[in-house]
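Enquirer: With the sequence up front, the predicted model follows.
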Amino acid sequence: MNTGKNNLVRTLESVDFLKMDRRTFLKAVGAVGATAFLGTYKTEIVSALKFAETKIIWLHGAECTGCSESVLNGGNPDIVQAISKLNVNLAYHETLLAQQGIFVDGKLANTSELNSEILIDELIEEGNYILVVEGAIANGPDGSGRYCVIGNRTFKEIFAKAAKHANAILAVGTCAAYGGINCADSAVAKVTDYRGVAFTKEDSSKGMLQELNLKKPVINIPGCPAHPDWILLTVGAVILGKIRIPDDLDAVLDLYGRPKVFFPTDHTVHENCPRRGFYDRGEFDEQIGGDKCLWKLGCKAPYSHADCAIRRWNGSVSMCTQAGSPCIACVEPGFPDAARPLYVEAEDKGVLLGANIDTLSKVAVGAATVAAGVHAIRRMRGE
């Protein structure tokens with residue numbers, strides 16, 4: 001796999017990426033990853049963006065900051081290298097801000113240099129920025145948004161103001177994209193009423209933008225957390241004009257607003273899983289710690305649409321199933337309810353032309369037949 005990627009990088013080095021059409025560009029950067037993309041085309045990127053700075057406002061709602069940590073752990077390129085090469089002005093990011101607060105040394109701070117509440121208002125009023133949202137947005141109780149308050153302002157209010165003036169919105173992580181764990185079924189879910197930016201679970205009529213009656217182009221980059229490549233390459237494609245907003249979004253995004261290059265509608269994590277061979281032979285682990293297929297331990301890879309198994313994580317070293325954890329379908333809009341119980345076999349789901357996994361195991365002696373049939377797996381939903 002690494003040899004193939006290296007060959008692709010060498011091939012692309014002789015191609016002017018600025019002249020690539022959108023489809024070719026997205027396939028190329030999707031295949032080589034952020035490190036190779038930014039390294040291979042650094043001269044062209046600098047030239048293309050020499051006079052064009054992109055301002056980003058990054059807001060945090062109800063979340064664990066895991067997606068920001070994922071980007072910070074990207075390593076090579078790290079976030080500083082990436083934003084430098086892409087000529088990005090990360091103007092506001094609550095976790096990384098140097099501002100000290102409303103009061104400094106006992107005195108009221110009334111400048112944006114010291115007070116982040118003033119800074120965000122000034123940046124929004126200036127306009128001309130991409131809004132990145134990490135985390136779900138509380139609508140409850142009773143539409144007030146008071147279940148998520150920052151600096152005595154509801155996150156709903158801050159988001160509404162920032163979204164209204166944004167050129168485009170990137171919902172980073174499953175919480176921002178679909179509500180994530182904040183929307184999980186519970187005794188308080190209707191009271192807290194957390195929303196994603198443009199979706200709540202699979203419902204595009206209940207996103208916060210719809211609640212606020214705002215129409216803005218949105219790209220969803222789900223995951224718990226989202227992969228650094230998914231974030232950086234999407235931002236890069238937008239900045240370089242390879243995803244024109246809003247003109248290209250219908251062609252680039254899937255039904256749930258995800259870039260199809262990273263979340264293919266006709267491909268699942270299962271198809272390139274390192275444990276795939278055990279599945280084809282009907283060999284399944286029934287306890288954590290083995291090296292066989294993890295289906296019986298609750299693996300949801302057959303209906304999780306992402307390129308995790310090709311891209312892998314931590315510098316392309318490993319991924320969930322390779323490390324011994326079943327896939328929990330964290331990129332899907334119904335997560336986590338659609339994947340629960342997380343570590344229990346989904347007995348009610350057929351995985352091979354309607355046959356359940358036990359039936360599959362019994363006929364696995366004919367491995368060639370099984371292997372051929374297994375490629376018929378397509379989008380399956382956890383409803």
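Expert: Noted; the coordinates are in hand.
Enquirer: residue contacts, the closest residue to E94 other than its chain neighbours?
Expert: Residue nearest to E94 in three dimensions, not counting chain neighbours: H60, with 4.9 Å by CB to CB, 6 or more residues apart in numbering. All C-beta spots, glycine's among them, are computed from the backbone N, C-alpha and C. Contact partners of H60, counting by CB atoms under 8 Å, 6 or more residues apart in numbering, are 68, 94-95, 134-135.
Enquirer: what's the farthest-apart pair in those?
Expert: With CB to CB as the measure, no two of the contacts of H60 lie farther apart than T95 and G135, at 11.3 Å.
Enquirer: Looking only at neighbour counts, state which of the two leads.
Expert: G135 (29 against 11; other CB atoms under 10 Å).
Enquirer: gap between that one and R312?
Expert: 26 Å (CB to CB, to the nearest Å).
Enquirer: Quick one: the helices in the stretch 101-250 of the chain, in order.
Expert: Counting by DSSP state H, counting those that start in this stretch, the segments of the stretch 101-250 of the chain that form helices are 116-126, 155-165, 174-178, 189-192, 208-211, 228-239, 249-252.
Enquirer: for those, which one sits closest to F335?
Expert: helix 174-178 (5.6 Å).
Enquirer: still on that earlier bit, could I get the helices of the stretch 101-250 of the chain as CSV with distance to C148 and mean pLDDT?
Expert: As requested, the helices of the stretch 101-250 of the chain are arranged in CSV below (distance: least, CB to CB, whole Å; pLDDT from 0 to 100):
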stretch, distance to C148, mean pLDDT
helix 116-126, 15, 93
helix 155-165, 4, 98
helix 174-178, 11, 98
helix 189-192, 9, 96
helix 208-211, 11, 98
helix 228-239, 22, 87
helix 249-252, 28, 94
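Enquirer: which of the ones you listed sits most buried?
Expert: Mean neighbour count (mean count of other CB atoms under 10 Å) peaks for helix 174-178 among the helices of the stretch 101-250 of the chain, with a mean of 32.
Enquirer: which residues touch that one?
Expert: Contacts of helix 174-178 (CB under 8 Å, 6+ apart): 61-63, 133-136, 171, 180-182, 196-202, 220-224, 226, 256-258, 330-331, 333-335.
Enquirer: Buried only: go through these for me.
Expert: 61-63, 133-136, 171, 180-182, 196-201, 220-224, 226, 256-258, 330-331, 333-335 (16 or more other CB atoms under 10 Å).
Enquirer: So for V29, which of the helices of the stretch 101-250 of the chain sits nearest?
Expert: Closest among the helices of the stretch 101-250 of the chain, once you apply CB to CB, is helix 228-239, at 5.1 Å.
Enquirer: what is the rounded mean pLDDT of the helix or strand hosting L26?
Expert: If you go by DSSP states H and E, L26 is part of helix 22-40. The average pLDDT within helix 22-40 is 73.
Enquirer: And it, how far out from the chain middle?
Expert: Taking the mean of its C-alpha atoms, helix 22-40 sits 17 Å from the chain's own mean (CA atoms, centre = their mean, to the nearest Å).
Enquirer: Which strands or helices does it pack on?
Expert: helix 2-12, helix 79-85, helix 228-239, helix 249-252 (3 or more CB pairs under 8 Å, 6 or more residues apart in numbering; DSSP states H and E).
Enquirer: tally of neighbours for S325?
Expert: 16.
Enquirer: burial count for the nearest residue to it once chain neighbours are set aside?
Expert: Once flanking residues are discounted, S325 sits nearest to L294: 7.8 Å by CB to CB, 6+ apart. Neighbour count for L294, taken as other CB under 10 Å: 27.
Enquirer: which residues touch W58?
Expert: Listed by CB under 8 Å, 6+ apart, the contact set of W58 reads 68, 90, 92-94, 132-134.
Enquirer: In the host helix or strand of it, which residues are buried?
Expert: Applying DSSP H and E as the criterion places W58 in strand 54-60. Residues of strand 54-60 classed as buried by neighbour count (16+ other CB under 10 Å): 54-60.
Enquirer: Using pLDDT, spot the least trustworthy of the residues you listed.
Expert: T54 (88).
Enquirer: That one contacts K85, doesn't it?
Expert: No. Using CB atoms under 8 Å, T54 is not in contact with K85, being 11.9 Å away.
Enquirer: hmm, back to that, which among the contacts of H60 gets closest to G143?
Expert: G135 (18.7 Å).
Enquirer: mind giving me the domain split of the protein?
Expert: With domains defined by automatic domain parsing, the chain comprises 2-252, 264-383.
Enquirer: circling back: give me the subset of the contacts of H60 lying in strands.
Expert: Among those, DSSP state E puts E134 in strands.
Enquirer: just curious, which of the contacts of H60 is nearest to L209?
Expert: G135 (15.0 Å).
Enquirer: Would you quantify the distance from A28 to I219?
Expert: 19 Å.
Enquirer: Which one of those two is surrounded by more residues?
Expert: For A28 versus I219, neighbours defined as other CB under 10 Å are more numerous around I219 (26 against 22).
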